[in-house]
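Undergrad: sequence first, predicted coordinates after that:
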Amino acid sequence: MKFNASQIADLVSGTVDGNAQAEVSRLSKIEEGTEGSLSFLANPKYTPFIYDTDATITLVSDDFIPEKAYKTTLIRVSDPYEAFSKLLNYYNEIKKKPLPSISDKAYVDENASCATDVFIGDFAHIGAHSSIGEHCVIHTQTYIGENVTIGDHVIIHVGARILDDTIIGSHCVIHNNAVIGADGFGWAPNDNGTYDKVPQTGNVILGDHVDVGANTTIDRATLGATRIGAGVKLDNLIQIGHNVEIGDHTVIAAQTGIAGSTKIGSHCQIGGQVGISGHLSIGNRVGIQAKSGILKNIKDDSKVMGYPAFDYTTFNKSYVHFRNLHTHITDLQSLKKKLDHE
């Protein structure tokens, strides 16, 4: 599919500087641009490439001033990187979205309801009393249990498992092999050292515009709901325990684990391999650096690091001493010898 510069400028709220009818059909890096491709210039260190690139169209900043001749058509925007990302998403959507259809090899329970314009792939399973909204894409080998509600414009990728009673908002993306709504980790110890299973009778609720990464798991609640707010972005291989609540527009990187009943605020940024203990309260706009261990509550607007985690600035100051600990020990031992001889 081809787009001309004028159409692209309309999509990204930009202005054309050059041939408004120049056409492109693919995307490229600026240093690897070829005829018929669209690229972008966001990092100043790549500026030299714009004068030699063969890309037909290049997104540049509104204030870009060329120092010599170039052959590419420019589209000026306020933020080239953001505009290019928007085009990437649009390109990906039109390239990969299949036409509405339900495979003969899929199972859709007679008591389930699906909008007329959905795509359901081979060997997908839609359980009883579940509902699938408009413009949804349910890829092959996806399992959707009973009493599941899925909003509009949702994409569920190959192998994902959406278990009973889960509620998913609109414009969500669930990536490969994610599991939403499995049993929470609930066990009660006995006097004899064994454990009894605590039934997990709640569900999982996802807001609108949530992304769930591949192999990420979100456990159903013991009672009530495990809640993921609107706009939350979850990376791959994340574990979210039962009754956890995550506020709107929080982002969490890979291999983070969140124990049961912890509440995380909105607009937080949590790095990879963070471990968060259960029954904690983490405020809004909190930043947690990678590999941190969270063992106590955190106030709004805090930035923490370490295990156990503490203030990020204090950690960096302390780290200078951590690195030089061996020299401090040597100095102390030398001082001790002098004192012993006095």
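TA: Happy to help now that I have it.
Undergrad: which parts of this structure belong to which domain?
TA: Split into domains by automatic domain parsing, the chain comes to 3-96, 101-315, 317-342.
Undergrad: what about the second one, average pLDDT?
TA: Averaging pLDDT along domain 101-315 gives 96.
Undergrad: contact partners for residue 39?
TA: For residue 39, the contacting residues are 27, 28, 29, 30, 33, 53, 55, 57, 58, 59, 72, taking C-beta atoms under 8 Å, 6 or more residues apart in numbering as the criterion. The way it works is simple: take the backbone N, C-alpha and C, and place the C-beta from them, glycine included.
Undergrad: mind redoing it with 6 Å?
TA: Shown here is residue 39, whose contacts under the criterion C-beta atoms under 6 Å, 6 or more residues apart in numbering are 28, 30, 33, 55, 58.
Undergrad: which of those residues fall within strands?
TA: For the contacts of residue 39, the ones inside strands are residue 58, with DSSP state E as the criterion.
Undergrad: make TSV out of the contacts of residue 39 and add neighbour count and pLDDT.
TA: Listed next are the contacts of residue 39 as TSV, based on neighbours: other C-beta atoms under 10 Å; pLDDT from 0 to 100:
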residue	neighbour count	pLDDT
28	19	91
30	23	93
33	23	92
55	28	95
58	26	95
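Undergrad: just name the most buried of the domains of the chain.
TA: When these are scored by mean count of other C-beta atoms under 10 Å, the highest mean neighbour count falls to domain 101-315 (a mean of 19).
Undergrad: measure it end to end?
TA: 55 Å (C-alpha to C-alpha, to the nearest Å).
Undergrad: could you do stretch 17-29 as well?
TA: End-to-end distance for stretch 17-29, by C-alpha to C-alpha: 20 Å.
Undergrad: and stretch 161-179, by the same measure?
TA: From its first residue to its last, stretch 161-179 covers 5 Å (C-alpha to C-alpha).
Undergrad: quick one: the residue nearest to the spatial centre of the chain from residue 31, how far?
TA: Nearest residue to the geometric centre of the chain (C-alpha atoms, centre = their mean): residue 233, 3.2 Å. Distance check for residue 233 against residue 31: by C-beta to C-beta, to the nearest Å, it reads 29 Å.
Undergrad: ditto for residue 250
TA: According to C-beta to C-beta, residue 250 stands 35 Å off from residue 31.
Undergrad: same check on residue 225?
TA: When distances are taken as C-beta to C-beta, residue 225 and residue 31 turn out to be 48 Å apart.
Undergrad: please apply the same query to residue 179.
TA: Using C-beta to C-beta, residue 179 is found at 40 Å from residue 31.
Undergrad: likewise for residue 149?
TA: Distance check for residue 149 against residue 31: by C-beta to C-beta, it reads 47 Å.
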